[in-house]
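>>> Build me a model:
(one chain, ligands or ions: 2)
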Amino acid sequence: MADGHDAPLIMGIAGFGTVASGLMHILRENRAEIEARTGRTVRVKSVLVRDLSKTRACPLPDGARLTRDASDLLEDPEIDVVVELIGGTRTAGDIVRRALSAGKHVVTANKALLAEQGKDIFALAAEKKLHLGYEASVCGAIPIIRTLREALAGDRIESVLGILNGTSNFILSEMSDKGMDFAAALKEAQSLGYAEADPVLDIDGRDAAHKLYLLIRLAWGAEYPYSAMPICGITGVSPTDIRYAREFGCRIKLIAYARLHGKDPWNGGIEAGVCPALVHESFLLARVEGAYNAVRAEGNAAGSVFLHGKGAGDLPTGSSVAADILDIAKGTPPDNSGFAHPHLPAPARIIAPHESFSPYYLRLKVADRPGVLRDMAAVLADHAISLAQVVQKDDAAEPVPEAESRAVPLIMVTHRAPEDGVSKAVDALAASPFVHEKPVRFRVLTSKTGALPNLRTKV
Ligand code: NAP
Ligand code: HSE
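Numbering: from 1, shown residues only. Ligands and ions are numbered 1, 2, ... in the order given. Next comes the predicted model:
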């Protein structure tokens, strides 16, 4: 392994797909800038793949060889850094652990691995005093890891909230703006290299939750077990709701949110989750389009910091991988967690659904007959939910076969209500004879003060 800082930094890259190709392009194209910044050359020695015969998106770096044997990276004493870009958790976890155990720094874009096995992997990196770089694993090109770990290190972070998944934002944007259907938009996101190998992770919200786990760790130095996070993806977002949301002056976005209750995560707690939400046009987040991501971090001194950039794709993600490699090349001491104690204290207190308040958008299809509005309001009142707006869409009325009445869409926005109360009320409404379809509900994003945005009532 090279020791002097003038010696080249030697890397083994596991994977030669979208992100690895982006990284290789950057290392070639920006060689002069990288050498000027680090005073060293950065060289790729081995690249691990499954299929040696596949045509690749870019040429293999000069002097590098392709291999199917991970030992060529992990047992080569000349290799300083293993860059893990294969994805998944089994083989990738094995490679990352073996690399750290062999005394090699690791850079990865693998948020699934770090969310599911991060506790042990971070501990191993700390024990070995090695870099575990993961800037690329959250929001592609956006430097949110560095921002929370370094730029906002003097703040108490009050909340972190954003659009953390490029694929689902791309799908929602295409559905909203071009009327494209869900399946076609997903196919396009896959062909553009945004989606995970298993795109279900993107659309069911788990990819955003993996990233949120990492941001919570950096913001508060606390574990929030990934398995405890409430997660809902975008498969239930229909063109009908996109249209009604728009008439209220809102867009529907997949939002990942984490909020500190009280002054610390153990006595106070952390409220976190991933879900589709109505975002009013007056919020910057409503204007984040396509595969772009954005994060809003709120510090008690800095106030609101908003970062926006490309959340997925070869070069944007490769750019963050390259930045971690440069840290290692410069000899920056490892600081993977951002906290002095490498082993994070006990898990945060998790804020329960009855402590989590939000306004909600509800859409019901109800029988169009006298008394329905009264009965529906009674169900909501039984669960202490008060209404801010109610709109009945007569123009969308449909005849109900073998019934005395037609069915009409009823769209409501509630005032702030506890999540468990809304769940129970929705279940009760679903069981009511005057409700014809499973009710739809989404949170409505509020400002920091919790105030409901000024919704347009063109609906
Ligand atoms: P990808 O295009 O599917 O590429 C994966 C590469 O890994 C392929 O070259 C594949 O080899 C290789 N590979 C997979 N399993 C392997 C195994 N068991 N042994 C050896 N090689 C194996 O994936 P990607 O989009 O670049 O994503 C890589 C990682 O970056 C993932 O963790 C992903 O979550 C993360 N990430 C991706 C993006 C993005 O925009 N794509 C953004 C941020 C983070 P073959 O080519 O020979 O099949
Ligand atoms: N599949 C991920 C996304 C890649 O769409 O956001 C970036 O992490």
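
>>> Now the element after the least confident helix or strand in the chain by mean pLDDT, going C-ward?
Lowest mean confidence among the helices and strands of the chain (mean pLDDT, DSSP states H and E): strand 398-399, at a mean of 64. Next helix or strand after strand 398-399 toward the C-terminus (DSSP states H and E): strand 406-414.

>>> partners of that following strand in the sheet?
strand 360-367 (antiparallel), strand 387-392 (antiparallel), strand 398-399 (antiparallel) (DSSP bridges).

>>> Comparing those strands, which comes out most buried?
Ranked by mean neighbour count, the strands paired with strand 406-414 are led by strand 360-367 with a mean of 22 (mean count of other CB atoms under 10 Å). The C-beta positions use only the backbone N, C-alpha and C, and glycine is treated the same way.

>>> how distant is whichever helix or strand comes after it from the center of its chain?
Once the chain leaves strand 360-367, the next helix or strand it forms, by DSSP H and E, is helix 372-382. Distance of helix 372-382 from the chain centroid (CA atoms, centre = their mean, to the nearest Å) equals 36 Å.

>>> May I have helix 372-382 as PDB, with CA atoms only?
Provided in PDB are the C-alpha atoms of helix 372-382 (Å, rounded to 0.1, in the frame of the first residue of the first chain):
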ATOM      1  CA  VAL A 372     -73.700  12.300   4.000                       C
ATOM      2  CA  LEU A 373     -71.700  15.400   4.700                       C
ATOM      3  CA  ARG A 374     -73.100  15.400   8.300                       C
ATOM      4  CA  ASP A 375     -72.300  11.700   8.800                       C
ATOM      5  CA  MET A 376     -68.800  12.100   7.400                       C
ATOM      6  CA  ALA A 377     -68.100  15.100   9.600                       C
ATOM      7  CA  ALA A 378     -69.400  13.100  12.600                       C
ATOM      8  CA  VAL A 379     -66.800  10.400  12.000                       C
ATOM      9  CA  LEU A 380     -64.000  12.900  11.800                       C
ATOM     10  CA  ALA A 381     -65.300  14.700  14.900                       C
ATOM     11  CA  ASP A 382     -65.300  11.400  16.800                       C
END
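
>>> Taking strand 360-367 as reference, get the angle to that helix.
Here helix 372-382 runs at an angle of 140 degrees relative to strand 360-367 (axes from the mean of the first three to the mean of the last three CA atoms, to 10 degrees).

>>> list the buried ones in helix 372-382?
Across helix 372-382, burial judged by 16 or more other CB atoms under 10 Å covers V372, M376, V379, L380.

>>> doesn't P433 make contact with the third one?
Right, V379. No. Using CB atoms under 8 Å, V379 makes no contact with P433, being 11.8 Å away.

>>> mind listing what's buried in stretch 334-342?
P334, N336, S337, G338, F339.

>>> same thing with stretch 33-52?
Buried residues in stretch 33-52 (16+ other CB under 10 Å): I34, T38, R40, V42, R43, V44, K45, S46, V47, L48, V49.

>>> quick one: the last one and A302, what's the gap?
As defined by CB to CB, to the nearest Å, V49 lies at a distance of 43 Å from A302.

>>> Quick check: P345 touching W266?
Yes. Using CB under 8 Å, P345 is in contact with W266, at 7.0 Å.

>>> thinking again about what came up before, quick check, nearest of the buried residues of helix 372-382 to ligand 2?
L380 (35.8 Å; CB to the nearest ligand atom).

>>> if we can go back for a sec, got the buried residues of stretch 334-342 as TSV, with distance to D72 columns?
Putting these into TSV (distance: CB to CB, whole Å) gives the following:
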residue	distance to D72
P334	25
N336	26
S337	30
G338	33
F339	35
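
>>> Which element, helix or strand, includes the one residue sitting closest to the centre of the chain?
Nearest to the geometric centre of the chain sits A208, at 2.5 Å (CA atoms, centre = their mean). Under the criterion of DSSP H and E, A208 resides in helix 206-220.
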